[in-house]
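>>> Provided below for reference: sequence and predicted model.
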There are 2 protein chains.
Amino acid sequence: MDTLDGKLFTPQDVAALREIILHRRDVRGGRFIDKPVGQQEIDQLLMAALHAPSVGFSQPWDFVLIRDKTIRQQVRDSFNAVNAGAQADFGKRRDQYASLKLEGILEAALNMAVFYKPSSGPVLGQTAMPETGLYSVVCAIQNMWLMARALNIGLGWVSILDPEKVCRIVNAPPGHQLVAYLCIGYTDGFYARPELEILEWEKRRELESVVQYDRYP
Amino acid sequence: MDTLDGKLFTPQDVAALREIILHRRDVRGGRFIDKPVGQQEIDQLLMAALHAPSVGFSQPWDFVLIRDKTIRQQVRDSFNAVNAGAQADFGKRRDQYASLKLEGILEAALNMAVFYKPSSGPVLGQTAMPETGLYSVVCAIQNMWLMARALNIGLGWVSILDPEKVCRIVNAPPGHQLVAYLCIGYTDGFYARPELEILEWEKRRELESVVQYDRYP
């Protein structure tokens, strides 16, 4: 067994992480600028992803980096179809919903489809809660999201898509499951608060409303 | 609309985040030490969680902080029952599986059950991919995990549990779904590499094996 690692982080490290967490935003269309994301930055994002936790160290992730504009246009078409259908769900808020810019598929320098690739055998820690395989992929995405912000690169997660359609567009092998479709690129800035908070679509939840002690009453 | 935030992170911030990501570990039993986690540290963890991304800014999370030993013993009993059943899944590796210490429920200073609390109405971005609500909660957990490591606090995710049983133990309201059960506390150190890598349970995947360009061949 390796010896223990003596690494101790400092209050300055805590402050840096705290600032990155507080300034991370979901970046949609209208904010991305025409500036390429270099290979060094892409490597930093993927490094962050590959060092995420995964159930049973299964690392069940697969990343498709998409620059091709024809493929992106197909994904955009799927977004448009699904988004048009979703508007009706929002009743009297449908006009506000329709006014929102919810993706940056064509404007962002880079797109990334992130898949869950199930393991062929049983995975330690996953047998009682099979969904933890998908959760490992989400941890990888969150690591990338924070790293992107630290690199002053915007990232937006588009979930208004038909996941089966995206699988067909990128020719994903059978069994692969789309977890996220990401738009990645430099921006002209990040909003000071989440866009849906600024627009009063939803209110921020206070700490007291989401914490219990020992058990629910 | 708020003006854009001019915050730019530096290479030092990137390096701090990179180190935190690389040194984060899943901490199990045997490494936690008997030292309380203070309220200030708990507040930092929860701050990190509450500033995670969430689909449609729905913030669909709920956190139960558990110090009560009777409740923890009940969760430990569920772990023991589920873990005994899981061993058979691992065939000729079952002896190695049985030798692994996979939880620190009683040793850690603090436990935390993390739930997904579905919204009452439709959520922007969740209508086509309902699972993104659960994924938001996972993003909150990964933020906490990184903040814990920055604070030199260990965190272990226990998924060898019957989630319905844990819901009953903490009296979770109907509809709440257990996403994770976490053990949190100071440790005598962090392994230099993931424990399951050191023990050769699984190999680390190389970058080339998990990245595609534009589409699968």
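Nice, I can see it.
>>> Any regions of chain A where pLDDT drops low?
Chain A contains residues with pLDDT under 70 at A:1-2.
>>> again, 80 this time
Counting by pLDDT under 80, the ranges of chain A that qualify are A:1-2, A:29.
>>> quick check: longest strand of it.
In chain A, taking DSSP state E as the definition, the longest strand is strand A:177-185.
>>> Quick check: can you name the pairing partners of that one and their directions?
In the sheet, strand A:177-185 lines up against strand A:110-116 (antiparallel), strand A:154-158 (antiparallel) (DSSP bridges).
>>> Could you count how many residues lie near the closest residue to residue A:217 other than its chain neighbours?
Nearest residue to residue A:217, sequence neighbours excluded (C-beta to C-beta, 6 or more residues apart in numbering or on different chains): residue B:171, at 7.5 Å. C-betas here are computed from N, CA, C, even on glycine. By other C-beta atoms under 10 Å in any protein chain shown, the residues close to residue B:171 number 14.
>>> ditto for the one 10 residues further on
When counting by other C-beta under 10 Å, one arrives at 26 neighbours for residue B:181.
>>> give me the beta-bridge partners of it?
Judged by DSSP bridges, the bridge partners of residue B:181 are residue B:113, residue B:158.
>>> what comes up buried for stretch A:111-124?
The neighbour-count check on stretch A:111-124 (16 or more other C-beta atoms under 10 Å in any protein chain shown) flags A:111-117, A:122-124 as buried.
>>> which element is residue A:63 on?
According to DSSP states H and E, residue A:63 maps onto strand A:61-66.
>>> So what touches that strand?
The contact list for strand A:61-66, computed with C-beta atoms under 8 Å, 6 or more residues apart in numbering or on different chains, reads A:42, A:46, A:49-50, A:52, A:54, A:72, A:75, A:110-117, A:136-137, A:140, A:170, A:172, A:176, B:210-216.
>>> Can you flag the buried ones in those residues?
Applying 16+ other C-beta under 10 Å to those flags A:42, A:46, A:49-50, A:52, A:54, A:72, A:75, A:110-117, A:136-137, A:140, A:170, A:172, A:176, B:210-212, B:214 as buried.
>>> close enough to count as contact, the residue nearest to residue A:217 and residue A:215?
Yes - using C-beta atoms under 8 Å, residue B:171 is in contact with residue A:215, at 4.9 Å.
>>> so who does residue A:187 touch?
A:27, A:31-33, A:153-154.
>>> try it again with 7 Å
Contact analysis of residue A:187 by C-beta atoms under 7 Å, 6 or more residues apart in numbering or on different chains lists A:27, A:31-33, A:154.
>>> rewinding a little: ok, the strand holding residue A:63: who's next to it in the sheet?
Assessed with DSSP bridges, strand A:61-66 is paired to strand A:110-116 (antiparallel), strand B:211-213 (parallel).
>>> Could you export the ones you listed as a markdown table, including distance to residue B:66?
As requested, the strands paired with strand A:61-66 are exported to a markdown table (distance: least, C-beta to C-beta, whole Å):
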| stretch | distance to residue B:66 |
| --- | --- |
| strand A:110-116 | 30 |
| strand B:211-213 | 40 |
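>>> Out of these, the one nearest residue B:104 is which?
Among those, the nearest to residue B:104 by C-beta to C-beta is strand A:110-116 (27.1 Å).
>>> Put the alpha carbons of that closest one into CSV.
Taking C-alpha atoms only, strand A:110-116 is exported to CSV below (Å, rounded to 0.1, in the frame of the first residue of the first chain):
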residue,chain,number,x,y,z
LEU,A,110,-16.4,23.6,-28.9
ASN,A,111,-19.2,21.2,-28.0
MET,A,112,-18.8,18.0,-26.0
ALA,A,113,-21.2,15.1,-25.7
VAL,A,114,-20.6,13.2,-22.4
PHE,A,115,-21.7,9.6,-22.2
TYR,A,116,-22.1,6.9,-19.5
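>>> how far does the helix or strand that it is followed by sit from the chain's center?
Counting by DSSP H and E, the next helix or strand C-terminal to strand A:110-116 is helix A:132-150. Put simply, helix A:132-150 sits 7 Å off its chain's centre (C-alpha atoms, centre = their mean, to the nearest Å).
>>> Isn't residue A:31 up against residue A:154?
Yes - contact criterion C-beta atoms under 7 Å: residue A:31 and residue A:154 qualify, at 6.3 Å.
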